[in-house]
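Enquirer: 3D model of this:
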Amino acid sequence: MIDFTFHTPYILFEAGASCKIAGLLKGCKAAHVLLVTDKNVRAAGLTRKAEAAIAEAGIKLTVFEDVVAEPPWHVIETAADLCFERGCDAVLSIGGGSALDTAKLVAYLARNPDKLDDIYGVGLATGERLPLLLVPTTAGTGSEVTPIAIVTTPTNEKKAVTSTSLFPKWAILDPELTLGLPPHVTAAAGIDAMVHAIEAYTGKINKNPISDQLALKALALLAANLRKVCRDGSNLEARSEMLLGSMLAGMAFAHSPVAAVHALAYPIGAIFHVSHGLSNALVLPYVLEFNRSAAEALYAELSEVIDPGYRRQSDAADAAAFIAEIKAICRDCEVPGSLSAVGIGEGDLSKLAEDAMKQTRLLVNNPRELDYDQARAIYASALAGRGPAASG
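Expert: Reported below is the predicted structural model:
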């Protein structure tokens, strides 16, 4: 038997669950909570019910709504300073992955003397954090159930803080909060979640029986519902299944880490300010093609998970069918077909490949070893928007 550990926060999954946040804060003995969100989420009214319930419960509220995508270090430090200065004794975040990641670090830094620069990496944040409640408004990152926070550094790199101290006390999933997401955001977030499931299932290290089952269920839910929610964003049942799939995928990759898709996506987001989900979607088919020789049997297993009507043939045929279905989902959900669609040109590929190779914590989990030349070839294929990446 493989040795492994598994950790998860308490989970509340319910339409309308955001109305119950005040009660959960009371259970944490919170007297003053910092709400971490962004202006768009708040303007859309997605925090309104929670804020009203918090006020009614007599809990003091301070709002930090300056989160931005791919959160830079200075935004996180500003929020942590605010949390400390106002004497907040709990942190709540309602928003996308950037808000949730910011909140994790705020809850930790406001309670500890550690500096952000000192905790990049795995297991370096060893102190306690403030009580933390996370409420996702997208079905994609799974950040509400992971111990990982991604930061954009002053040198425009994306670095991670990974520590069990970042697991929240509560993950609160309210599918009603995802109903208003536009199709392009829905698609990018959903494919991000699919990548989490795929990479957790096919990873080289820390793959374990629980993460496998979570990844399989997540991928089945996401593949069955992504086209539906892109066509009809008001479908609450499909939105609920997407949110559940995203959470399960998050639980999977929290224990069996992601790999080369994310490693190649990070520089796209950091340099070109492309959303994380879209960055993943743009390179996903090409990384799958590159990995096929090493992960063929596992991709074959996923062929009937992603398409229940598919009938297994051979590992080679099944893996090819799996990759073809991934491409079809991306196409049907109108994901841009090449890197050029987000402003990337031939002259950018070397820098992208250089930065991707810095993501060593992710690349070690890839089923096939990847070097600089191969990374650049994958980017070149994604730029052209055709064919498999070179296998050299």
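Enquirer: show the contacting residues for the most centrally placed residue in the chain.
Expert: When CA atoms, centre = their mean is applied to the chain, the residue found nearest the centroid is T141 (2.4 Å). By CB atoms under 8 Å, 6 or more residues apart in numbering, the contact set of T141 is 96-97, 100-101, 189, 192-193, 246, 250, 276-277. Using the backbone N, CA and C atoms, a C-beta is placed for each residue, glycine as well.
Enquirer: likewise I54?
Expert: 21-22, 25, 33, 61.
Enquirer: wait, which of those residues is closest to L282?
Expert: Taking CB to CB as the measure, I21 is the one of the contacts of I54 closest to L282, at 35.0 Å.
Enquirer: settle this for me: that closest one is touching A53, isn't it.
Expert: Yes: counting by CB atoms under 8 Å, I21 touches A53, with 6.1 Å between them.
Enquirer: just the helices in the stretch 251-392 of the chain please.
Expert: Along the stretch 251-392 of the chain, the stretches classed as helices by DSSP state H, counting those that start in this stretch are 260-272, 276-306, 315-332, 349-356, 360-363, 372-384.
Enquirer: give me whichever of those helices is most buried.
Expert: Of all the helices of the stretch 251-392 of the chain, helix 260-272 has the most neighbours on average by mean count of other CB atoms under 10 Å, namely a mean of 25.
Enquirer: pLDDT averaged over that helix - what is it?
Expert: For helix 260-272, mean pLDDT rounds to 95.
Enquirer: dump the helices of the stretch 251-392 of the chain to JSON lines, plus distance to V185.
Expert: Output for the helices of the stretch 251-392 of the chain, formatted as JSON lines (distance: least, CB to CB, whole Å):
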{"stretch": "helix 260-272", "distance to V185": "15"}
{"stretch": "helix 276-306", "distance to V185": "8"}
{"stretch": "helix 315-332", "distance to V185": "15"}
{"stretch": "helix 349-356", "distance to V185": "23"}
{"stretch": "helix 360-363", "distance to V185": "24"}
{"stretch": "helix 372-384", "distance to V185": "21"}
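Enquirer: how deep is V122 tucked in, by neighbour count?
Expert: Neighbours of V122 under the rule other CB atoms under 10 Å: 13.
Enquirer: please name the bridge partners of the closest residue to it other than its chain neighbours.
Expert: Nearest non-adjacent residue to V122, counting by CB to CB, 6 or more residues apart in numbering: T162, 4.6 Å away. Counting by DSSP bridges, T162 is bridged to V122, I148.
Enquirer: repeat that for V91.
Expert: Going by DSSP bridges, V91 forms beta bridges with L34, L132.
Enquirer: give the helix, strand or coil label for the residue nearest to the centre of the chain.
Expert: coil (DSSP: H, G, I helix; E, B strand; the rest coil).
Enquirer: backbone phi and psi for it, please?
Expert: phi -70, psi -30 (degrees, to the nearest 10).
Enquirer: for it, give its distance to G45.
Expert: Counting by CB to CB, to the nearest Å, the gap from T141 to G45 is 21 Å.
Enquirer: and what of A218?
Expert: For A218, the distance to G45 - CB to CB - is 29 Å.
Enquirer: over to L236?
Expert: 17 Å.
Enquirer: tell me which of the contacts of T141 fall in strands.
Expert: Using DSSP state E, no member of the contacts of T141 falls within strands.
Enquirer: spit out the contact partners of E56.
Expert: Contacts for E56 were tallied using CB under 8 Å, 6+ apart; they are A22.
Enquirer: so which of I21 and A53 has more stuff around it?
Expert: The neighbour comparison of I21 against A53 (other CB under 10 Å) goes to I21, with 27 against 17.
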